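> fold the following, please.
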Amino acid sequence: MVSPVVATVALIAWAFSVHLPLVYTVLGLGWLLPTLELLGYRSGRRTYIDIAHGLSSYLIAVYAIGGVFGTIVTVFLAGLLPVFTNIAGALLWPVWGIAIVFGVAIALPLIGFYYRSFNRLSPMRHVAVGYGMAITLTVIPVMFRLVFAFINYPAGVAIAPSSTSNTGFTLSVNLTEALSNPTYPPLLLATLFGAIAMTSILVSSIHGWRYASSRSEYHELGHRIGNTVGLIFGILYSIFAAWYLYTVYQYSPTVAWSIFGHPPSYLPSAFYGLYKPTFNLSWMLYMNIALGAVILILLVVSIKVTSKPIEVLKLILTPMLMDSAEVMNGLAHVPYAIVPPVAAAEALIKAYGLSFALNVAKWLTISQLLTPQINALLSLVSVQPGLLLGSLVFFAFFNALLLYVIYAALSWRRSLA
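Numbering: from 1, shown residues only. Below you'll find the predicted structure:
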């Protein structure tokens with residue numbers, strides 16, 4: 001029988017794997033579109049503006065579908081890891097609150113206004129609206145990436161024994177110190193630059209495919225701009241991703257051990273049992289490096305030669321790399337929901353004893369924070385395996401339906417443009 005931890009992690013990883021490419025695309029378009037407009041107005045070339053207008057028609061549909069899967073992620077977290085969701089919500093509620101307000105109440109209306117106000121506002125005012133939209137969209141990962149950094153290394157958290165708590169201790173967080181998390185800046189910058197790079201490469205792939213069939217200035221310019229921006233920001237993404245891996249190695253032993261395949265050199269051997277990861281994901285690291293190298297080669301070749309097979313490979317491999325990197329990052333902290341810092345473990349042992357430190361570590365694991373219902377559900381599936389088969393069939397149907405809805409939404413937008 002599949003363990004509850006593996007089932008829970010698999011479901012959440014699937015939801016993230018669908019959610020993140022969509023929101024990455026929206027974030028990348030948020031910065032790319034007003035920049036294309038600005039270039040068009042500055043150079044006097046209307047084609048830049050036409051490309052921006054054409055791409056903007058996809059924003060609402062893609063953002064809406066991405067938002068649906070953001071809700072699915074939230075439901076999975078609340079249903080499968082209610083204690084963790086409660087802890088994260090109580091400790092980082094300003095972060096969640098700001099992200100939700102900007103994501104729903106501000107960003108969505110701005111996206112709609114930006115699209116509808118094309119050719120209705122003065123050029124520079126519309127560009128200003130576009131950059132306002134981009135900044136608003138950026139606030140969302142600024143907040144949520146802090147949560148991911150917090151999982152890696154819970155900076156600013158204070159732990160104290162409590163006789164009234166079910167866990168035997170209480171947690172509090174200093175948000176100012178949490179913002180100083182050393183894994184946060186490279187993770188955030190890699191996310192932003194990666195989103196712009198991925199979106200630009202997807203744009204270049206679509207325009208390159210069409211340019212190979214119909215040699216028009218519109219598709220030639222879209223292909224060339226997408227390749228150039230994708231190459232520049234892809235290199236920036238690689239730099240900040242490497243910086244992120246370095247900080248993770250220094251501050252998050254379980255994540256570092258999982259990604260690099262061996263314990264970090266600073267980790268005392270007495271702590272190996274405490275910090276050993278559930279998954280060895282070093283193979284994913286090597287695969288991601290190989291994918292990045294292949295995409296870089298394809299970009300360089302695509303700048304010189306327009307070929308449908310090259311554009312198809314770019315279109316497939318780029319989101320594959322992004323998804324693989326995110327899944328690797330999302331699984332590396334298992335078995336922990338929040339990885340306890342080595343310095344904190346040593347301090348707790350010194351201040352309150354080994355048993356208290358081990359109790360804290362136990363309560364930070366995913367298995368300890370799981371809802372009891374998941375165990376009962378998996379026990380039922382082991383007795384009635386047909387339920388698992390039926391759920392897999394429904395799951396496959398849901399994914400096929402999702403792909404059709406995305407295709408239909410984009411086709412509908414294209415017909416209106």
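
> show me where this protein has strands.
157-161, 169-173 (DSSP state E).

> export these to JSON lines and tack on distance to T278?
Quick note: C-beta positions are derived from backbone N, CA and C, even for glycine. Conversion of the strands of the chain to JSON lines gives the following (distance: least, C-beta to C-beta, whole Å):
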{"stretch": "strand 157-161", "distance to T278": "22"}
{"stretch": "strand 169-173", "distance to T278": "23"}
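
> in terms of mean pLDDT, which of those strands ranks lowest?
Mean pLDDT is lowest for strand 169-173 among the strands of the chain, at a mean of 78.

> helices or strands up against that one?
helix 82-91, strand 157-161, helix 354-363 (3 or more C-beta pairs under 8 Å, 6 or more residues apart in numbering; DSSP states H and E).

> max-length helix in the chain?
When the chain is parsed with DSSP state H, its longest helix is helix 4-43.

> now it: buried residues?
Judged by neighbour count (16 or more other C-beta atoms under 10 Å), helix 4-43 contains these buried residues: 4-5, 7-9, 11-12, 14-41.

> which one of the helices and strands packed on strand 169-173 has the lowest average pLDDT?
helix 82-91 (a mean of 64).

> Provide a list of residues in contact with H126.
H126 makes contacts with E37, Y114, S117, F118, R120, as judged by C-beta atoms under 8 Å, 6 or more residues apart in numbering.

> my error: substitute N227 in the last question.
Counted by C-beta under 8 Å, 6+ apart, N227 has contacts S200, I201, S204, G208, L299, S302, I303.

> excluding chain neighbours, what is closest to the third one?
Distances taken as C-beta to C-beta, 6 or more residues apart in numbering place G226 nearest to S204, at 2.6 Å, with adjacent residues excluded.

> what count of nearby residues applies to the one you found?
25 (other C-beta atoms under 10 Å).

> P319 now?
Applying other C-beta under 10 Å, we find 18 residues neighbouring P319.

> ok, the residue nearest to it when sequence neighbours are not counted to V62 distance?
With sequence-adjacent residues excluded and distances taken as C-beta to C-beta, 6+ apart, P319 is closest to P21, at 4.8 Å. Per C-beta to C-beta, to the nearest Å, P21 is found 9 Å from V62.

> one more: F394?
From F394 to V62 the distance is 25 Å (C-beta to C-beta).

> now do the contacts for L321.
Contacts of L321 (C-beta under 8 Å, 6+ apart): N288, L291, G292, I295.

> need the residues you listed in JSON lines with neighbour count, can you?
Listed next are the contacts of L321 as JSON lines, based on neighbours: other C-beta atoms under 10 Å:
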{"residue": "N288", "neighbour count": "20"}
{"residue": "L291", "neighbour count": "17"}
{"residue": "G292", "neighbour count": "18"}
{"residue": "I295", "neighbour count": "23"}
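
> inside helices: which ones of those?
Counting by DSSP H, the members of the contacts of L321 that fall within helices are N288, L291, G292, I295.

> isn't the last one up against L315?
Spelled out, that is I295. No - the criterion here is C-beta atoms under 8 Å, and I295 misses it with L315 at 10.7 Å.

> what do these two both touch?
In terms of C-beta under 8 Å, 6+ apart, I295 and L315 are not both contacted by any residue.

> which regions of this structure sit below the pLDDT cut-off?
Low-confidence segments of the chain, defined by pLDDT under 70: 1-3, 67-93, 369-389, 391-392, 395-396, 398-399, 402-417.

> would JSON lines of the contacts of H126 with distance to M322 be doable?
Supplementary listing: the contacts of H126 in JSON lines, determined by distance: C-beta to C-beta, whole Å:
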{"residue": "E37", "distance to M322": "26"}
{"residue": "Y114", "distance to M322": "24"}
{"residue": "S117", "distance to M322": "30"}
{"residue": "F118", "distance to M322": "29"}
{"residue": "R120", "distance to M322": "34"}
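
> now list the buried members of the residues you listed.
Buried members of those, scored by 16+ other C-beta under 10 Å, are E37, Y114, F118.
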